[in-house]
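Novice: sequence? don't have it. structure:
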């Protein structure tokens with residue numbers, strides 16, 4: 001086994017539309033840059049006034065998007081009902097594979113909100129050039145890495161940020177600085193953040209404490225049309241709770257490396273990136289939450305992943321060509337500190353390689369009509385080494401059958417996947433554009449879905465409380481999608497609705513297990529440990545459909561006042577049986593009323609969520625009630641260099657439960673029963689100071 005591893009919307013910009021012109025040498029704290037390009041708008045927001053640690057939380061303000069939260073640092077992106085592996089999430093262009101099999105470190109955890117420069121959500125059908133396996137969409141997070149100067153004179157710049165919030169006594173301190181000229185750039189940054197257990201209207205959500213540090217250094221060199229950059233990062237996550245999962249984070253130590261070379265010629269350009277990540281991760285079910293009463297049920301899981309990838313993209317006139325690749329290798333070893341003889345080799349060098357190539361053309365027909373055609377081929381190969389566990393070593397019949405059946409299977413699997421995209425944009429006038437798109441997108445199984453051999457909850461953050469087994473012989477998912485919409489943007493109004501329908505063949509979903517040894521194993525564990533775990537599920541190919549409607553809009557009342565919002569409606573259904581898909585966001589809306597001037601600004605936010613009654617009986621999902629949350633935030637430019645941000649979230653201290661917030665898996669909390677839906681955080685006051693030069 002190897003050892004190594006378009007309509008863009010910045011999610012943060014939907015919070016505030018403070019888009020007034022900055023002073024000549026200093027940005028407003030909430031400046032929004034809007035760029036119109038054919039069928040897409042690019043919103044970039046370098047700063048917010050919040051101190052929320054989880055960048056994924058910002059997705060609640062992006063059209064079509066939402067966040068699955070299993071803990072304060074574990075936000076998983078959802079887009080139009082799809083999440084986890086299905087949403088291609090990139091950090092500074094790199095695809096980072098989570099170190100843990102239950103996604104305690106999802107991709108966006110490697111872009112802390114305090115270091116976020118922009119968060120881009122590709123709306124609807126993404127181009128084949130946007131990345132590999134984009135069946136559920138594409139999200140790009142860009143962190144602060146400094147900028148080259150515009151002359152040979154050396155320029156020293158940077159920023160220092162500190163803040164606190166009341167709901168969890170959260171604390172933040174970050175600093176970033178760069179020394180740059182027209183040809184050279186050196187940047188360094190550091191971040192320290194922590195929080196205690198969060199409060200809600202009726203008590204505490206435990207455990208939701210967290211601590212994380214991040215350190216970065218990078219160097220860039222530019223000569224003529226050539227730019228070379230090398231960046232190194234270190235992320236150290238300490239104790240952090242994940243109450244929707246069976247374990248909590250003990251540590252996550254991650255090393256990140258990237259090298260890029262870009263060439264920008266008059267008629268030809270090249271962008272290249274090579275990235276590497278090494279992640280070590282430990283978790284337990286006893287060090288933050290109440291430990292199991294039976295000593296034999298204590299568990300510690302030590303996991304890790306090595307990941308490397310590359311991308312080379314060239315553009316020449318209307319043509320774009322590219323090749324890209326990614327390899328990830330995972331291990332997971334479970335032990336019991338009370339029993340040195342106990343072990344489970346959960347994953348043993350589970351390997352996944354993908355090599356892709358694509359071609360894309362943008363064709364202009366006369367005035368206002370633009371056609372985009374793209375085709376991509378991905379070759380996916382996967383493998384795993386043999387596994388074992390104490391129950392099998394001791395001769396427990398179902399464990400022996402599961403181990404031997406897995407180890408004797410053909411674990412080496414390959415898939416050849418073809419994607420294509422057709423998108424059409426038509427400018428009917430200066431203020432009206434029509435859009436249509438159709439696509440075929442594919443995704444091969446993740447390593448958990450193919451190589452989870454013993455019934456466990458290692459399911460990349462599904463958090464449904466069910467145990468699963470994988471299937472090495474799963475087929476890739478194939479989605480055909482069609483989308484229609486328009487952008488209407490007269491002088492002060494902008495509105496962009498989209499309607500979509502996505503049919504997915506061979507959708508990978510947990511189904512009632514027909515694996516007799518797996519069913520028997522769970523039954524025996526229940527009898528031995530006095531537990532009542534439900535019968536296991538197994539990952540299987542089924543058919544599914546996603547369809548819905550979303551819209552983003554804004555209205556500029558005058559030079560100081562503006563309104564903005566989004567509305568999202570998505571349904572996810574099984575086609576093979578009468579059932580809904582698991583953990584899909586209910587209909588929801590965001591509305592913001594904003595005031596902004598050169599010196600100060602305020603915004604009143606409203607988040608509205610409907611009931612979610614369309615739930616998965618297969619996953620034992622329960623309905624949830626609707627709610628409305630109001631937030632107030634603002635900023636004050638104290639001087640040209642010093643800025644104060646402040647606000648209060650959940651002004652009314654509303655007692656509510658987010659449908660995507662998960663179910664409590666922690667025993668012993670008198671405020672939240674085991675199996676109850678986790679409550680949303682209560683009223684929180686916060687303040688943040690930014691000094692930049």
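Specialist: Everything's here; your move. Quick caveat, the model's predicted, so the values are computed rather than measured.
Novice: quick one, phi psi at residue 660?
Specialist: The main-chain torsion angles of residue 660 are listed as degrees, to the nearest 10 and equal phi -90, psi 10.
Novice: now residue 130
Specialist: Listed backbone geometry of residue 130 is phi -70, psi -20, with angles given as degrees, to the nearest 10.
Novice: okay but it is in contact with residue 138, surely?
Specialist: Yes - Residue 130 sits in contact with residue 138 when judged by Cβ atoms under 8 Å, with a separation of 4.6 Å. Heads up, the C-betas are built off the backbone N, CA and C, glycines and all.
Novice: so what sits against both of these two?
Specialist: When contacts are counted by Cβ atoms under 8 Å, 6 or more residues apart in numbering, residue 130 and residue 138 are jointly contacted by 88, 122.
Novice: mind pulling up the pLDDT for residue 366?
Specialist: As summarised for this prediction, residue 366 has a pLDDT of 83.
Novice: how near is it to residue 434?
Specialist: Relative to residue 434, residue 366 is positioned 15 Å away (criterion: Cβ to Cβ, to the nearest Å).
Novice: comparing these two, which shows the higher neighbour count?
Specialist: The residue with more neighbours, out of residue 366 and residue 434, is residue 434; 17 against 6, by other Cβ atoms under 10 Å.
Novice: for the stretch 551-693 of the chain, which segments count as strands?
Specialist: Per DSSP state E, counting those that start in this stretch, the stretch 551-693 of the chain carries strands over the ranges 561-574, 588-596, 600-609, 627-637, 642-649, 684-692.
Novice: what's the burial count for residue 379?
Specialist: Other residues within reach of residue 379 by the criterion other Cβ under 10 Å amount to 15.
Novice: with the one 5 residues further on instead?
Specialist: Taking other Cβ under 10 Å as the criterion, the count of residues near residue 384 is 26.
Novice: correct me, but it touches residue 447?
Specialist: Yes - in terms of Cβ under 8 Å, residue 384 counts as a neighbour of residue 447; the distance is 7.5 Å.
Novice: quick check: neighbours shared by the two?
Specialist: Counting by Cβ under 8 Å, 6+ apart, the common neighbours of residue 384 and residue 447 are 347, 350, 351.
Novice: ok, of those, which one's closest to residue 221?
Specialist: Minimum distance to residue 221 across the shared contacts of residue 384 and residue 447 is 34.8 Å, recorded for residue 351 (Cβ to Cβ).
Novice: wait, what's in contact with the closest one?
Specialist: Under the criterion of Cβ under 8 Å, 6+ apart, the contact list for residue 351 reads 1, 2, 327, 328, 329, 330, 382, 383, 384, 447.
Novice: likewise for residue 144?
Specialist: Residue 144 neighbours (Cβ under 8 Å, 6+ apart): 46, 115, 116, 117, 159, 176, 187, 189.
Novice: so which of those belong to helices?
Specialist: Where those are compared with helices, as defined by DSSP state H, there is no overlap at all.
Novice: would you turn those into TSV with neighbour count?
Specialist: Conversion of these to TSV gives the following (neighbours: other Cβ atoms under 10 Å):
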residue	neighbour count
46	18
115	22
116	22
117	17
159	19
176	22
187	22
189	23
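Novice: and which of those is nearest residue 86?
Specialist: For the contacts of residue 144, with residue 86 as the reference and Cβ to Cβ as the criterion, the closest is residue 116, at 22.6 Å.
Novice: so the closest one touches residue 139, yeah?
Specialist: No - in this structure, residue 116 sits apart from residue 139 without contact. The criterion is Cβ under 8 Å, and the distance is 12.0 Å.
Novice: what residues do those two have in common as contacts?
Specialist: With Cβ under 8 Å, 6+ apart, residue 116 and residue 139 have no common neighbours.
Novice: now do stretch 118-136: distance to the chain's middle.
Specialist: What separates the centre of stretch 118-136 from the centre of its chain is 13 Å, taken as Cα atoms, centre = their mean, to the nearest Å.
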